[in-house]
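Trainee: whatever this is, show me its structure:
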Amino acid sequence: MSKKKEDSGTEDINFEAAMAELEELVAQMEDGDLTLDDSLKAFERGVMLTRQCQQALNRAELRVQTLTDANTLEDLTQEDS
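Mentor: This next block holds a predicted model:
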């Protein structure tokens, strides 16, 4: 279910899928059964997935900041009182 981004050559997968793949890569590498070449490929893929996850977290943080900066949460808590 991943889609290639044509401009950057990286896949665009959701956060949860990226984290699951990262966990799988770590498990494979920890087992120690990979060849050196496969380990390097797994490491490369892991770095790319980590960057994608970090970008997704940054976007989520920005959305939360935008909502709280707009006093949206304060308005909601005042209505509850």
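
Trainee: hey, which helix is longest across this protein?
Mentor: helix 36-69 (DSSP state H).

Trainee: that one: which residues count as buried?
Mentor: Across helix 36-69, burial judged by 16 or more other C-beta atoms under 10 Å covers 42, 46, 49, 52-53, 56. All C-beta atoms are positioned from the backbone trio N, CA, C, and that covers glycine.

Trainee: repeat that for stretch 12-20.
Mentor: 13, 18-19.

Trainee: least confident pick among those residues?
Mentor: Least confident of the buried residues of stretch 12-20 in the model: I13, at 87.

Trainee: settle this for me: F43 is touching M29, isn't it.
Mentor: Yes: look at F43 against M29 with C-beta atoms under 8 Å: they come within range, at 7.3 Å.

Trainee: separation between I13 and D69?
Mentor: 29 Å (C-beta to C-beta, to the nearest Å).

Trainee: just to revisit the earlier point, any chance of TSV for the buried residues of stretch 12-20, columns distance to L34 and secondary structure?
Mentor: Output for the buried residues of stretch 12-20, formatted as TSV (distance: C-beta to C-beta, whole Å; DSSP: H, G, I helix; E, B strand; the rest coil):
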residue	distance to L34	secondary structure
I13	22	coil
A18	20	helix
M19	20	helix
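
Trainee: low-confidence regions, the chain specifically.
Mentor: Along the chain, segments meeting pLDDT under 70 span 1-11, 71-81.

Trainee: go again with 90.
Mentor: 1-13, 65-81 (pLDDT under 90).

Trainee: just give the nearest non-adjacent residue to the residue nearest the centre of the chain, would you?
Mentor: Most central in the chain under C-alpha atoms, centre = their mean is C53, positioned 1.6 Å from the mean C-alpha point. Of all residues not flanking C53 in the chain, A18 sits nearest, at 5.2 Å (C-beta to C-beta, 6 or more residues apart in numbering).
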